[in-house]
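Enquirer: just coords:
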């Protein structure tokens, strides 16, 4: 399942010099385009990071990629903190706690499910795998209205449990775990442990779990990345502002302040473009850090089960 | 007999360990669908007597055809653009292993963390001629007023631009990852046979990563069909009324929460689910994307093992 990103191209003993000359223009054009796209990809994030250093007027008139002062960040942060009696703190705490609960619950249930399917001979394995794959490939947004109806029936609307429970269904994680356990632990190990009197729970705690650290890291990574920026589900399930997550709160800042749309009228504390950009940083930067650190994991995981060693 | 007795409690423990996931799968994967199906024929303002007639009412809703045109237009641009661009970029990245390409790959992943509401904020700034980091380029092409960009007729292009920039980078890296799985010997043999980089990319690498491209195509298609956040936020926050019930999901949302008509909303949600399900089943059964997954039941596996043993004997 491992992918070597820096795999050296096989040596071509005689051809290289000739080839280099032949393809040089195309080669430079390709590389130039790759670098251009890399710069283009980074510019929006750069703008986001630099915007809170400026005043609202400077955001419009100064060079978009210039830095003004560190004081700008402090001012924007204070304004955000004072907005609606400090509701931002609630959004940050909500985002952190909901995500923590989702990451733990989703990773544990998915890891156990993957282990059971790979290590046991229970019935309906095929039904389980197909339904998991279907859930994995159907976008979660498709089920939002049906889920709302269900949550409404059990009075969980405007209760964070609704988002935590729904988001803890982690079919991709269960599939990833199944592939991981199938590839790393041969069935003979389970058989001999069983002969030694090991219970099924013991198989997980004594054999599978100690070997699961890379898997659990991967599961936590995908659960975090998939849920931190999620907008639609909490937007529908949690209508009270004190239950918002950061992405939903950022959306609320759009439509309740004049930052983007001056037609919205002034707020008691100035929430303008620098403040909105700072709120955007709070949403985007944690995911960016996790992405940059775990770039290889993302790709390995997304192609789980189909990339061979 | 004793073996059978020992098996039962073992399986019970296994089922207990599986049950948290199974419960989640049932309550949040299967049950909502069942409830939505039962919810469709319930009485609603547009269907006072109840009944499955509501599907006809949804299909005749005056907002459905425009939403269908919007989403189809969006998909017609977005899906081919994504597939072509992502495949081309990953093949270009794979031409050699220059060390600086590590940094380029890192840069490509950056837009992937800009999603949902942050994406709307950033792409709004990017396209606003007074704020954009690219305002020089925009002014060069005569775009100096926001009104030249932000109009309903441009919405399809704006949303394609937003979705494309948010997703392209991470898919480039994923397809680049799939290219790394191609055996070095195959590539070397092709080079020895005189393949140019272009031939190598189009005749050798591309056919070998076909299944990953189909996988991406299905996920991009299913995700695109359910576009909601971007038009909803643009409509409610940036330019009021610019994308009113623009997409299927916005219409479904509006039916449920503006009109309180959950019967119609459920019917539309279920209709939208069908293409996603077909796509998922196509990937599972008609491609070799999950060829390593063992779908066979324990009984079948045991039978096959016996057959193999008999053949070996």
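Expert: It's in. In this text the structure is predicted, and so the values were computed from the model without any measurement.
Enquirer: Please count neighbours and contacts with C-alpha atoms only from this point.
Expert: Will do.
Enquirer: what's the least confident helix or strand in the chain, going by average pLDDT?
Expert: Here I'm looking at chain A. helix A:16-22 (a mean of 49; mean pLDDT, DSSP states H and E).
Enquirer: My question was about chain B, not that one.
Expert: helix B:298-312 (a mean of 67).
Enquirer: In the stretch 201-313 of chain B, what residue lies closest to chain A?
Expert: residue B:237 (4.3 Å; C-alpha to the nearest C-alpha).
Enquirer: For that residue, which residues are in contact?
Expert: By C-alpha atoms under 8 Å, 6 or more residues apart in numbering or on different chains, the contact set of residue B:237 is A:251, A:254-256, A:260-261.
Enquirer: can you narrow the residues you listed to ones near chain B?
Expert: Under the cut-off given by C-alpha under 8 Å from any C-alpha of the partner chain, chain B has A:251, A:254-256, A:260-261 from the contacts of residue B:237 close to it.
Enquirer: ok, back up a step: now, the most widely separated pair of the contacts of residue B:237?
Expert: By the measure C-alpha to C-alpha, A:251 and A:261 form the most distant pair in these, at 12.3 Å.
Enquirer: These two: who's more crowded?
Expert: It is residue A:251, of residue A:251 and residue A:261, that has more neighbours when counted by other C-alpha atoms under 10 Å in any protein chain shown, with 26 against 16.
Enquirer: how about the nearest residue to the more buried one, chain neighbours excluded?
Expert: Spatial nearest neighbour of residue A:251, chain neighbours left out: residue B:117 (5.6 Å); criterion: C-alpha to C-alpha, 6 or more residues apart in numbering or on different chains.
Enquirer: close enough to count as contact, the one you found and residue B:232?
Expert: No: the pair residue B:117 / residue B:232 is not scored as a contact, 9.9 Å apart, by C-alpha atoms under 8 Å.
Enquirer: quick one, which of those two is more surrounded?
Expert: residue B:117 (28 against 24).
Enquirer: Next, see if the longest helix along chain A gets close to chain B.
Expert: Counting by DSSP state H, the longest helix found in chain A is helix A:87-119. Yes: using C-alpha under 8 Å from any C-alpha, helix A:87-119 reaches chain B at A:109-110, A:112-113, A:116.
Enquirer: Redo those residues as TSV? Include distance to residue B:181, pLDDT and neighbour count.
Expert: Shown next, in TSV, are the residues of helix A:87-119 next to chain B (distance: C-alpha to C-alpha, whole Å; pLDDT from 0 to 100; neighbours: other C-alpha atoms under 10 Å in any protein chain shown):
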residue	distance to residue B:181	pLDDT	neighbour count
A:109	30	96	25
A:110	26	95	29
A:112	29	95	25
A:113	28	94	28
A:116	29	92	27
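Enquirer: Can you convert these into CSV and add a column each for distance to residue B:139?
Expert: Output for these, formatted as CSV (distance: C-alpha to C-alpha, whole Å):
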residue, distance to residue B:139
A:109, 54
A:110, 52
A:112, 57
A:113, 56
A:116, 60
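Enquirer: burial count for the closest residue to residue A:169 other than its chain neighbours?
Expert: Using C-alpha to C-alpha, 6+ apart and skipping the chain neighbours, the partner closest in space to residue A:169 is residue B:24 (5.4 Å). Using other C-alpha under 10 Å, the number of residues around residue B:24 comes to 21.
Enquirer: OK, contacts around residue B:102?
Expert: No contacts exist for residue B:102 under C-alpha under 8 Å, 6+ apart.
Enquirer: quick one: buried residues of stretch A:222-240?
Expert: Within stretch A:222-240, the residues that count as buried by 16 or more other C-alpha atoms under 10 Å in any protein chain shown are A:222-225, A:227-238.
Enquirer: Okay, and the residue of chain A found nearest chain B sits in which element?
Expert: Residue of chain A nearest chain B, by C-alpha to the nearest C-alpha: residue A:255 (4.3 Å). Assigned by DSSP states H and E, residue A:255 belongs to helix A:246-256.
Enquirer: what comes into contact with that helix?
Expert: A:88, A:91-92, A:94-95, A:229-231, A:234-235, A:241, A:259-261, A:264, A:271, A:276, A:279-280, A:282-283, B:116-118, B:233, B:236-238.
Enquirer: try 6 Å this time
Expert: A:91-92, A:229, A:231, A:235, B:117, B:237 (C-alpha atoms under 6 Å, 6 or more residues apart in numbering or on different chains).
Enquirer: and that helix with helix A:87-119, angle?
Expert: Angle between the axes of helix A:246-256 and helix A:87-119 is 140 degrees (criterion: axes from the mean of the first three to the mean of the last three C-alpha atoms, to 10 degrees).
Enquirer: And the next helix or strand past helix A:246-256?
Expert: helix A:273-293.
Enquirer: Tell me the residues of chain A that contact chain B?
Expert: A:38, A:41-42, A:60, A:64, A:109, A:113, A:116, A:121, A:126, A:134, A:137-139, A:146-147, A:150, A:166, A:169, A:247, A:251, A:254-255, A:261, A:280, A:284, A:287-288, A:299 (C-alpha under 6 Å from any C-alpha of the partner chain).
Enquirer: If you count neighbours, what's buried in the lengthiest helix in chain B?
Expert: Longest helix in chain B, counting residues (DSSP H): helix B:64-93. Within helix B:64-93, the residues scored as buried using 16+ other C-alpha under 10 Å are B:64, B:67, B:70-72, B:74-75, B:77-79, B:82-83, B:85-93.
Enquirer: how about low-confidence regions in chain B?
Expert: B:1-10, B:288-305, B:313 (pLDDT under 70).
Enquirer: swap the cut-off to 50 and go again
Expert: B:1-7 (pLDDT under 50).
Enquirer: Please name the nearest non-neighbouring residue to residue B:125.
Expert: Here the residue nearest residue B:125, using C-alpha to C-alpha, 6+ apart, is residue B:132, at 5.3 Å.
Enquirer: what's the domain layout of chain A?
Expert: What automatic domain parsing lists as the domains of chain A is A:16-73, A:84-302.
Enquirer: How far away from the center of its chain is the shortest one?
Expert: By that I understand domain A:16-73. 24 Å (C-alpha atoms, centre = their mean, to the nearest Å).
Enquirer: residues contacting residue B:186?
Expert: With C-alpha under 6 Å, 6+ apart, residue B:186 has no contacts at all.
Enquirer: quick one: secondary structure of it?
Expert: Secondary structure assignment for residue B:186 (DSSP: H, G, I helix; E, B strand; the rest coil): helix.
Enquirer: Report the separation between it and chain A.
Expert: 10 Å (C-alpha to the nearest C-alpha, to the nearest Å).
Enquirer: repeat for residue B:152
Expert: Counting by C-alpha to the nearest C-alpha, the gap from residue B:152 to chain A is 17 Å.
Enquirer: Can you report how many residues lie near the residue nearest to residue B:125?
Expert: Number of residues near residue B:132 (other C-alpha under 10 Å) recorded here: 23.
Enquirer: now do the one 5 residues further on
Expert: Residue B:137 is flanked by 12 other residues according to other C-alpha under 10 Å.
Enquirer: Now do the SS call for it.
Expert: With three-state DSSP as the basis, residue B:137 sits in helix.
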